[in-house]
Every structure is written in structure tokens, then in C-alpha cells.
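# Could you work out the structure for the sequence below:
(one chain, ligands or ions: 1)
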Amino acid sequence: METAIKAEGISKRYIVQNVPSQALMNVSVEVHKGEFVLLTGPSGCGKSTLLAILSGMTPPDEGLVSSGSTNLSEATDAQRDAFRLRNCGFIFQGFNLFPGLTAVEQVQVPLDYLGVPSDEAKRRAESALNTVGLAQRRHLRPAELSGGEKQRVAIARAIVKRPTILLADEPTSALDRDNGEKVVRMLRAIARATDAAVLCVSHDIRLFSRIVDRIVEMEGGRLIRDLRRDPGTTELQVEP
Ligand SMILES: Nc1ncnc2c1ncn2[C@@H]1O[C@H](COP(=O)(O)OP(=O)(O)OP(=O)(O)O)[C@@H](O)[C@H]1O
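You can find the predicted model right below:
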């Protein structure tokens, strides 16, 4: 399997009011293209910090982060921004949609940032909405959509630029069980269909465990477990 993003020996410390707090300690992890990974662990264990470092949003204090030939740990702020814009799609717990924009306009926004001509951006936005089953609702604004539909718009917005890495932070926690499961199955289908590495933070292991390829568990700023599903079985196996 080809590597989409790789972190080696990552450490990150925050200092708040002169008190240091070690968010990540010597974390190494590799996520492959087409792989759907759940990142889980107790509150404050460093999951969001790891996502931020893997997407180039935050530089690590120590260690290497790389994607293909891009070395993110040595990149400038502008190079990391450009990497993120081109390669990463994000999905958030609270959807983060613009109240005044229709579904198709929301999905076009990342393509506008990338300078895609507006006719092509509209066509691609409609196609992404079609992928998440919302073609018929493309002219509606967030207030006219259900929670599940809003999250599907957010997924369409995240996949419209065909990212190599799709990062989701608690994408199901504002949804009921059925809609949550729909979203998780949709993320797996996206990983399969587009070969994107999908890395998803959630506390809801039960919802994800039957569907993901791999569960990475953190505690106190470290990775403590890495379970992979053997092809052809439903059991997740501990990494040797
Ligand atoms: N910007 C920041 N400034 C200071 N401390 C931070 C910052 N971001 C995170 N931290 C601290 O780093 C540690 C890890 O936080 P992080 O948000 O990565 O954990 P998490 O596992 O995502 O938590 P949760 O599940 O509650 O979202 C925590 O102790 C947190 O307080």
C-alpha cells in the first residue's frame, strides 16, 4: 500500500500561562492511500493535535512529517498552507457551513480558492453533491437541511477538490445513530473510490469498529494501540 502521509517521532508541547503541557510524545504513524482509519482515545490525549500536524496546520516541535516528496516539518507556513489547500479535505463536528450559501455554493468554495473557473467549479460541486446523494437538494441553505444532510454537504465540500488526505474531527457526534452510520459508510466508500487516506477522530468506537480498516488508539500524547482488519475477516488484529 502506498503511503499518503507519514509522521515519525513527532512531539508537540503547548505552553499556557508559563505551564508546559506535552500534547504529543514521540508519535510515529503512517496512513496509506485508500485506508479508512479511526483515531480514538480519551479527551485531551492529543488526537486533534495529531490531525493538525498531519495536515500541515501546525508544525511539530520535533520529528518528521512527510507526504510524497513534501517534507512538511521543514516547510514554511506558506508551503504548509499550499499543501493543505491542494491535498487536504476537512470535515468537522459542527459542519461549519456558511448560513447564507446554498449547498452547491458551499461545495464550490474550496474550488474558488484553488482558482478553478466558475463553470467547472459548479459542475464539480454538483457532481460531489450527487456522490453524497444530495443532487436534488443542491439549492437549499443550511437552515433548510437536516443535520445528516448538512454533514453530507460538508463531506461533498471536503471531497470536491479530490484530496489525497481526508481528515474528519468527530464527524458523527452531532448526528443520530442512523445518520452517523450513513456518514461513516460514506467515508469508507470515499476512501475506496478515490484512494484518499481517510483519518477520522471519534470517541464512538462502536459505530466505527465494524466499518473502518484500522483503529489507532492514543493515550496521554502517545499511540498505545494499532489494530488492522485482515482482508477477508471482520476482526481487527493488533499490529505485530
Ligand atoms: N492551542 C492549544 N494551546 C494550548 N494547549 C493546547 C492547545 N491545543 C491543545 N492543547 C492541549 O494539548 C493536549 C491535547 O489536546 P487535543 O485537543 O489534541 O486532544 P484531543 O484528544 O483532541 O481532545 P478532545 O477529544 O477533548 O478533543 C490537551 O492537554 C490540550 O489542553
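# Enumerate every residue touching the residue nearest to the spatial centre of the chain.
The residue lying closest to the centre of the chain (Cα atoms, centre = their mean) is Leu167, at 0.8 Å. Going by Cβ atoms under 8 Å, 6 or more residues apart in numbering, Leu167 touches 51, 54-55, 88-91, 199-200. (Glycine included, C-beta is placed from N, CA and C.)
# Let's see which of those residues end up in helices.
Using DSSP state H, 51, 54 are the members of these that sit in helices.
# Please name the residues that touch Asp178.
Per Cβ under 8 Å, 6+ apart, neighbours of Asp178: Gly148.
# Poorly predicted segments of this protein, please.
The chain contains residues with pLDDT under 70 at 231-240.
# what about 50?
240 (pLDDT under 50).
# residues in it within reach of the ligand, list them.
14, 16, 21, 23, 41, 43-49 (Cβ under 6 Å from any ligand atom).
# Need the max-distance pair from those residues.
For the residues of the chain next to the ligand, the farthest-apart pair by Cβ to Cβ is Val16 and Gly41; their separation is 20.7 Å.
# Just want to know which of those two has more residues nearby.
For Val16 versus Gly41, the count of surrounding residues by other Cβ atoms under 10 Å is larger for Gly41: 22 against 7.
# hang on, that one packs against Glu217?
Yes: the pair Gly41 and Glu217 qualifies as a contact (Cβ atoms under 8 Å) at a distance of 5.4 Å.
# what do these two both touch?
Ile224.
# Determine the longest helix present in this protein.
From DSSP H, the single longest helix across the chain is helix 177-194.
# What residues of it count as buried?
Going by neighbour count (16 or more other Cβ atoms under 10 Å), the buried part of helix 177-194 is 179-184, 186-188, 190-191, 194.
# possible to save the residues you listed as JSON lines with distance to Val153?
Converted to JSON lines, these look like this (distance: Cβ to Cβ, whole Å):
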{"residue": "Asn179", "distance to Val153": "13"}
{"residue": "Gly180", "distance to Val153": "16"}
{"residue": "Glu181", "distance to Val153": "18"}
{"residue": "Lys182", "distance to Val153": "13"}
{"residue": "Val183", "distance to Val153": "12"}
{"residue": "Val184", "distance to Val153": "17"}
{"residue": "Met186", "distance to Val153": "12"}
{"residue": "Leu187", "distance to Val153": "15"}
{"residue": "Arg188", "distance to Val153": "19"}
{"residue": "Ile190", "distance to Val153": "14"}
{"residue": "Ala191", "distance to Val153": "19"}
{"residue": "Thr194", "distance to Val153": "18"}
